[in-house]
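**Q** with the sequence up front, the predicted model follows.
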Amino acid sequence: MKAPFISISFFLIIFGLNCGTSSEAVDNNTVSEGITVEEPVFDPVADSLAQIEAEEQELREALIELYKDEVYSRYQSQANTLTNYYILAQQHFYSGDFQNALFLVNRAALIKENADVLALRGSIYLGLGYINEFVNQWRRALEMDPDVPIPSSTYIIQQLQNNGLIDQNLKKAF
């Protein structure tokens, strides 16, 4: 069922604003220029559904923001701690302090054991003279990430190649 039409002319007649003569025929569906005007239809159910959908969208957006804040606060701290331990372990490794380097890299591994951490730990084991652990850690690192950075140490590169872990192009060889 269509809603009733009210023409602008009809509106003007009702409110005494008719600009034409009183003998003009007034069509309740069209204005004299031929424009049809429909009266807006009020649908309380549709309006309520639209309002509910808008509220649900706002709630979804609020929950997403809450989740982002939670993830950021929880994991940003862990990422910062992991990075700090890793960098300190590198500094001790490059200065030849392998025991402290191992302690620090193991602390980093407790947070997240990734390819970089495994590779550094393997290199530290090499410095300590533990060849089997060196090979084990580097194998795991290369399995996790074949493009893990290889230190520019001739000795480490030779040991990686001698143990079949990388080829002449410094790429994973297994």
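**A** Sure, I can see it. Numbering: from 1, shown residues only.
**Q** just after the top helix by length along the chain, pick out the following helix or strand.
**A** Assignment by DSSP state H gives helix 44-94 as the longest helix of the chain. Using DSSP states H and E, the helix or strand that follows helix 44-94 in sequence is helix 98-111.
**Q** quick one: buried residues of the following helix or strand past that next one?
**A** Downstream of helix 98-111, the first helix or strand assigned by DSSP H and E is helix 115-128. If you call a residue buried by 16 or more other C-beta atoms under 10 Å, then helix 115-128 has these buried ones: 115-127. In short, each C-beta sits where N, CA and C put it, glycine included.
**Q** low pLDDT regions in the protein?
**A** 1-37, 39-40 (pLDDT under 70).
**Q** how near is the residue nearest the centre of it to residue 58?
**A** Among the residues of the chain, the one closest to the centroid is residue 68, at 8.9 Å (C-alpha atoms, centre = their mean). As judged by C-beta to C-beta, to the nearest Å, residue 68 and residue 58 stand 16 Å apart.
**Q** ditto for residue 65
**A** To residue 58, residue 65 is 11 Å away according to C-beta to C-beta.
**Q** cool, and residue 170?
**A** For residue 170, the distance to residue 58 equals 53 Å [C-beta to C-beta].
**Q** compare these two (neighbour count), which wins?
**A** Neighbour totals were compared for residue 170 and residue 58, and residue 170 leads with 13 against 10 (other C-beta atoms under 10 Å).
**Q** how deep is residue 51 tucked in, by neighbour count?
**A** Residues contacting residue 51 under the criterion other C-beta under 10 Å number 10.
**Q** now swap in the one 5 residues further on and tell me
**A** By other C-beta under 10 Å, the residues close to residue 56 number 10.
**Q** what about stretch 149-159, distance to the chain center?
**A** Averaged C-alpha coordinates place stretch 149-159 at 35 Å from its chain's average position (C-alpha atoms, centre = their mean, to the nearest Å).
**Q** okay, now the domains of the chain?
**A** Listed by automatic domain parsing, the domain ranges of the chain are 1-41, 44-162.
**Q** deepest-packed of those domains, please.
**A** Sort these by mean neighbour count, taking mean count of other C-beta atoms under 10 Å, and domain 44-162 sits at the top with a mean of 15.
**Q** name the nearest of the buried residues of helix 115-128 relative to residue 133.
**A** residue 125 (3.9 Å; C-beta to C-beta).
**Q** I'd like the distance between that closest one and residue 64.
**A** 44 Å.
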